[in-house]
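Enquirer: Here's my sequence, what's the structure:
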Amino acid sequence: MPSGSELTTVSDVRENRSFLFTATDEYGAEEELLVVPCDEDDRPVRAFANRCTHEAQRLDTGRGVAMRDGQIICPKHGSMFDACSGYCDNGDAADTTLPDVDLAVADGAVFLTDDEYTFAHEGGIDDGDDAGPSSTSHIGF
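Expert: Next up, the predicted model:
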C-alpha cells in the first residue's frame, strides 16, 4: 500500500468523471483538488488544483468536471486542459498548465501521496459548512 490518504477508486473517478476533495497545504491553507480519469497506461487518473489558470475559476463546482475527448473544460471561458498533462493549448488559458498533485494507484485505489498536501475531506472547501441560517426566511408574522 502506498503511504498517504486513500481518496477513492479509479472506477469511481471514471464513472463520475472526477473526484473533488479538499486538502491543506504546509501552511494550513485549504485547497480544492480534483482527480480526473487519464487514458495513459501507467497513470489511469491524475490530480490537479481545482482552478483554471486564467482566472482561478473552479473547474469542478461540486457537480463533476465537464470533460470532452480527454480534456477538462473550464466552465467560464471554455479553455480545455489535457486530463493527463494539465496543459491547455486554446482559449484564454492557452500555453498554461494546471498545477498537478502527486497520486499513487494500488489495486484500483487512489492515494494522495503529495508531500505538499494533507487530505482534509471529500468535496469542496465549503461542503458541509453549517454556518448559515437554518431557514431561508427570518421574517415572523
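Enquirer: ok, Glu55 - how many residues close by?
Expert: 12 (other Cβ atoms under 10 Å). For the C-beta atoms, the positions are set from N, CA and C on the backbone; glycine is no exception.
Enquirer: ranges for the helices of this structure?
Expert: Using DSSP state H, the helices of the chain run over residues 10-16.
Enquirer: dump the residue contacts of the most centrally placed residue in it.
Expert: Per Cα atoms, centre = their mean, the C-alpha nearest to the average position across the chain is that of Leu34, at 1.3 Å. The contact partners of Leu34, by Cβ atoms under 8 Å, 6 or more residues apart in numbering, come to 18-21, 47-50, 59-60, 65.
Enquirer: Show me what it is bridged to.
Expert: With DSSP bridges applied, Leu34 shows beta-bridge pairing to Leu20, Phe48.
Enquirer: one step back: ok, the contacts of Leu34 vs Gly124, which is closest?
Expert: Gly124 lies nearest to Leu20 out of the contacts of Leu34, by Cβ to Cβ, at 5.9 Å.
Enquirer: Does that closest one touch Gly62 like I think?
Expert: Yes - in this structure, Leu20 is within contact of Gly62 by Cβ atoms under 8 Å, at 6.7 Å.
Enquirer: which of the two has more neighbours?
Expert: Taking neighbours as other Cβ under 10 Å, Leu20 and Gly62 compare with Leu20 leading, 24 against 11.
Enquirer: how many other residues sit next to Asp82?
Expert: Asp82: 17 neighbours (other Cβ under 10 Å).
Enquirer: Would you state the strands of this structure in chain order?
Expert: Per DSSP state E, the chain carries strands over the ranges 5-9, 19-25, 30-40, 43-49, 67-68, 71-73, 80-82, 87-88, 96-97, 100-101, 103-106, 109-112, 117-122.
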